[in-house]
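K.L.:
Prediction below, plus the sequence it came from.
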2 protein chains.
Amino acid sequence: MSGHLAIIGLGPGDAALLTPQASAALAAAEALFGYAPYLARVPEQAGQRRQGSDNREELARARAAIAEAAGGARVAVVSGGDAGVFGMAAAVFEAIEQGDAAWRSLAVEVIPGVSALLAAAARVGAPLGHDFCAISLSDNLKSWETVTRRLDAAAGAGFVIALYNPASRARPWQLGAAFEVLRRRLPGATPVVFASAVTRPDERVEITRLDDADPARADMRTLVLVGTEATRRIERPGAAPWLYTPRSAA
Amino acid sequence: MSGHLAIIGLGPGDAALLTPQASAALAAAEALFGYAPYLARVPEQAGQRRQGSDNREELARARAAIAEAAGGARVAVVSGGDAGVFGMAAAVFEAIEQGDAAWRSLAVEVIPGVSALLAAAARVGAPLGHDFCAISLSDNLKSWETVTRRLDAAAGAGFVIALYNPASRARPWQLGAAFEVLRRRLPGATPVVFASAVTRPDERVEITRLDDADPARADMRTLVLVGTEATRRIERPGAAPWLYTPRSAA
């Protein structure tokens, strides 16, 4: 099988955080597949085909990309951040497992990227400084009971928590419900960060506390970070505070 | 205060995974601080001072770098992977909080990088495909009881688990003990990945199962990934299998 499929993490948005490996793979592709707003970040290139699609069509997009690569083309599938973190990589491998046995002979390369989690954390200091977890609040593909069980376990065990997919028009109540679960485990003063469109022109980062955290501040482009009891807030004259979670956080 | 301190993630090792933002910040620095093997990855530059140090001197290194920046210099502190993930960022903010009040006026920038977690996952498919966590097995700064509590909570709640600092000469037994904790919660067939020196010339990646996982395979340069009951293994003719954790993992 002569085709090639690259699954590429574009990073948080700023081109200065796109790795040279990702840039090279994008330039080498004959066809690009992805959620339309992510594809829009990739510079246009003559002769390169593009197949943008909606956010909720991951598996169909994965199958189309694999089929094109299996036909002999050099294909790239793009995700924001890192494709392995709530991005396209899992959808591609799911499609391969369920698809034509010949697809298992395809050359597939996953090119990691700077995930939203890391970019958001960097903006406020070092909130991930110790053990942490990432949880998607989307209950499209798992039960809400699974989400709350993970939130409760993570907060109870002292993990810093990154919440992906906190809110969308179709999922308006989940973040509020998640904060309620966390408030049963964590002090009201626990730092919470709303990091939206990080490194992009409309970036907005707000630091608050768990008892003041307003779920309405989050949308599809927001990553929410919730500290632990140990997370420290360093006040600064005339500037936003820094947050960090000590390396010794028990 | 005129100095500037950049805390820079160098990525997993391959220069093609160093972001342009990190490259630019390294080139602009008058002085570099870091663990000697990480500093060795940065191209030499005339007139740039370098202060390499041992792995266990993070806080002293952070203080020296901050003091130099506070004196007016452009200083960079480097970490492998992402500096916010078990790297230098938390040590720098800890030193700032404990240090001279004037240090809070310093310009500090954290430049995110591709963490070892993401690079290791990319090598084997999409094992992080759903909710995941990262736990350091080092008990230098926290109790072993805290580590086991987190391992137990994470495995019980269905998180994919990335184990940082799994082993060193001074900490030979922790990974074996961690596998014992995980075996009480997870089936023996749960996929385990030993990913060493990922993207570097001596890279070695092994996929095994929890009941066969031999802690002796890990050293200081290894990241260990432990899947969940839902993590899938796609067998391939004549090649290592791909792993992925379905987006629906309950």
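P.N.:
On my side now, so go ahead. This structure is a prediction, so every number in the text was calculated from the model and none was measured.
K.L.:
what's the nearest residue to the residue lying farthest from the centre of chain A if we skip its chain neighbours?
P.N.:
Relative to the centre of chain A, the most outlying C-alpha is that of A:Pro237, 32.2 Å out, by CA atoms, centre = their mean. Computed as CB to CB, 6 or more residues apart in numbering or on different chains, the closest residue to A:Pro237 that is not its neighbour in sequence is B:Ser105, at 6.4 Å. Glycine gets a C-beta too; all of them are placed from N, C-alpha and C.
K.L.:
hang on, that neighbour packs against A:Arg236?
P.N.:
Yes. In this structure B:Ser105 lies within contact range of A:Arg236 using CB atoms under 8 Å: 7.1 Å.
K.L.:
Flag every buried residue along stretch A:119-131.
P.N.:
Neighbour-count burial for stretch A:119-131 flags A:119-131 (criterion: 16 or more other CB atoms under 10 Å in any protein chain shown).
K.L.:
Over to A:Leu137: give its phi and psi.
P.N.:
The phi and psi values for A:Leu137, taken as degrees, to the nearest 10, are phi -90, psi 0.
K.L.:
and the nearest residue to it once chain neighbours are set aside, what is it in contact with?
P.N.:
Excluding its sequence neighbours, the residue lying closest to A:Leu137 (CB to CB, 6+ apart) is A:Gln174, at 4.6 Å. By CB atoms under 8 Å, 6 or more residues apart in numbering or on different chains, the residues touching A:Gln174 are A:Leu137, A:Ser138, A:Asp139, A:Trp144, A:Val147, A:Pro166, A:Ala167.
K.L.:
measure A:Gln174 to chain B for me?
P.N.:
Look at A:Gln174 and chain B: by CB to the nearest CB, to the nearest Å, they are 14 Å apart.
K.L.:
The one helix or strand A:Ala27 maps to versus helix B:20-28: what angle between them?
P.N.:
Element membership of A:Ala27 [criterion: DSSP states H and E] is helix A:20-28. Compare the direction of helix A:20-28 with that of helix B:20-28 by axes from the mean of the first three to the mean of the last three CA atoms, to 10 degrees and you get 130 degrees.
K.L.:
How far does helix A:20-28 sit from its chain's centre?
P.N.:
The chain centroid and the centroid of helix A:20-28 are separated by 20 Å, computed with CA atoms, centre = their mean, to the nearest Å.
K.L.:
Can you name every helix or strand that that helix contacts?
P.N.:
strand A:4-9, strand A:74-79, strand A:107-111 (3 or more CB pairs under 8 Å, 6 or more residues apart in numbering or on different chains; DSSP states H and E).
K.L.:
Of all these, which one is nearest A:Pro37?
P.N.:
For A:Pro37, the closest of the helices and strands packed on helix A:20-28 is strand A:74-79, at 10.4 Å, according to CB to CB.
K.L.:
The closest one near chain B anywhere?
P.N.:
No. Strand A:74-79 stays clear of chain B (CB under 8 Å from any CB of the partner chain), getting no nearer than 10.6 Å.
K.L.:
and that strand, what other elements does it pack with?
P.N.:
strand A:4-9, helix A:20-28, strand A:31-35, helix A:36-39, helix A:58-70, helix A:88-98.
K.L.:
Quick check: next helix or strand after the shortest one?
P.N.:
Sequence-wise, the next helix or strand beyond helix A:36-39 is strand A:49-53, with elements assigned using DSSP H and E.
K.L.:
Okay, angle between that following strand and strand A:31-35 too, please.
P.N.:
For strand A:49-53 against strand A:31-35, the angle by the same axes, to 10 degrees is 10 degrees.
K.L.:
Relative to strand A:49-53, what are the paired strands and their orientations?
P.N.:
Counting by DSSP bridges, the strands paired with strand A:49-53 are strand A:31-35 (parallel).
K.L.:
ok now do A:Gly81, which residues does it touch?
P.N.:
Contacts of A:Gly81 were listed using CB under 8 Å, 6+ apart, and they are A:Gly9, A:Leu10, A:Gly11, A:Pro12, A:Gly87, A:Gly113, A:Val114, A:Ser115, A:Ala116, A:Leu117, A:Ala119.
K.L.:
State the distance from the fourth one to A:Gly52.
P.N.:
It stands for A:Pro12. 20 Å (CB to CB, to the nearest Å).
K.L.:
low-confidence ranges in chain A?
P.N.:
Along chain A, the parts satisfying pLDDT under 70 run over A:1, A:250.
K.L.:
try 80 this time
P.N.:
Filtered on pLDDT under 80, chain A yields the residue ranges A:1-2, A:54-56, A:249-250.
K.L.:
before we move on, back to that, between the helices and strands packed on strand A:74-79, which gets nearest to B:Leu39?
P.N.:
helix A:20-28 (20.5 Å).
K.L.:
Mind checking what secondary structure A:Leu225 has?
P.N.:
Three-state assignment for A:Leu225 (DSSP: H, G, I helix; E, B strand; the rest coil): strand.
K.L.:
So it versus A:Leu128, what's the distance?
P.N.:
Distance, A:Leu225 to A:Leu128, using CB to CB: 8 Å.
K.L.:
Likewise for A:Thr228?
P.N.:
Counting by CB to CB, the separation of A:Thr228 from A:Leu128 is 10 Å.
K.L.:
tell me, what's touching these two both at once?
P.N.:
Joint contacts of A:Thr228 and A:Leu128 (CB under 8 Å, 6+ apart) are A:Val160, A:Thr245.
K.L.:
higher neighbour count, A:Pro12 and A:Gly52?
P.N.:
In this view A:Pro12 and A:Gly52 are compared by other CB atoms under 10 Å in any protein chain shown, and A:Pro12 has more residues nearby, 28 against 14.
K.L.:
Which SSE is immediately downstream of whatever helix or strand A:Ala154 lives in?
P.N.:
Taking DSSP H and E as the criterion, A:Ala154 maps to helix A:144-156. Remark: after helix A:144-156, the chain's next helix or strand is strand A:160-164, criterion DSSP H and E.
K.L.:
roughly how far out does that following strand sit from the chain middle?
P.N.:
Using CA atoms, centre = their mean, the offset of strand A:160-164 from its chain centre is 10 Å.
K.L.:
CA atoms only for the helix or strand that it is followed by, dumped as CSV, please.
P.N.:
As assigned by DSSP H and E, the chain's next helix or strand after strand A:160-164 is helix A:174-183. In CSV, the C-alpha atoms belonging to helix A:174-183 read as follows (Å, rounded to 0.1, in the frame of the first residue of the first chain):
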residue,chain,number,x,y,z
GLN,A,174,-22.6,20.2,32.0
LEU,A,175,-20.0,22.7,33.3
GLY,A,176,-22.2,24.0,36.0
ALA,A,177,-23.0,20.4,37.1
ALA,A,178,-19.2,19.6,37.0
PHE,A,179,-18.5,22.6,39.3
GLU,A,180,-21.1,21.3,41.7
VAL,A,181,-19.4,17.9,41.9
LEU,A,182,-16.0,19.6,42.4
ARG,A,183,-17.4,21.9,45.1
